[in-house]
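**Q** I'd like to go over a predicted model; first the sequence, then the structure.
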Amino acid sequence: MMYKIPLSGISKHYRFNIIKKIVLILSLSILFISCEKENQEILIGEWKLVKSYSVMGGDYFPDIQHQRIEEYTKDNIRIRYDFEGNEITRCNYSATNSTVTISGKELNGETWSLYYDYWFVHDKLKTTSSGEFDEFFIRVK
């Protein structure tokens, strides 16, 4: 047997609180989805390594020969270049709002994948692997 609760029996204050919660949930959902897409769009481009940090070694500012460039394309390809612009590696990537997963296939056919967290600090891209090694990049293109 189904019971119907007449809306006239629910106080206006209670109905207003329910509506507020629904609007808040919808707003946060839209905000989260738009931020995720926005981060992925900001990631696309070329980024030059300018600083590294490790728990054991502290800050490290690479000399020019170690300032590699990482490019994230709209086609979900990540390309690494050396400081002279020579391609070093190429693999697939996928990104969420906070994680990049890179993947590829070895010559013997075995597949591999790795992931790292990323976020933006002012105008820099920061990546971290297992929270122990951070890299900071500035946008080149």
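**A** Right, received. Where do you want to start?
**Q** And the helices in the protein, which stretches?
**A** 12-43 (DSSP state H).
**Q** Flag the shaky bits of it, pLDDT-wise.
**A** Scanning the chain for pLDDT under 70 picks out 1-19, 21-39.
**Q** same thing but 50
**A** Where the chain drops to pLDDT under 50, the residues are 31-36.
**Q** Okay, the residue nearest the centre of the chain and Thr127: tell me how far apart.
**A** Among the residues of the chain, the one closest to the centroid is Ser98, at 3.3 Å (CA atoms, centre = their mean). Taking CB to CB, to the nearest Å as the measure, Ser98 falls 11 Å from Thr127. C-beta here means a position set from N, CA and C on the backbone, and glycine is covered the same way.
**Q** Repeat that for Gly85.
**A** In this view, Gly85 and Thr127 are 21 Å apart by CB to CB.
**Q** Please identify which of these two sits among more neighbours.
**A** Comparing Gly85 with Thr127 by other CB atoms under 10 Å, the one with more neighbours is Thr127, at 19 against 7.
**Q** Could you list the domains of the protein?
**A** 10-38, 44-139 (automatic domain parsing).
**Q** tell me the most buried of those?
**A** domain 44-139 (a mean of 13; mean count of other CB atoms under 10 Å).
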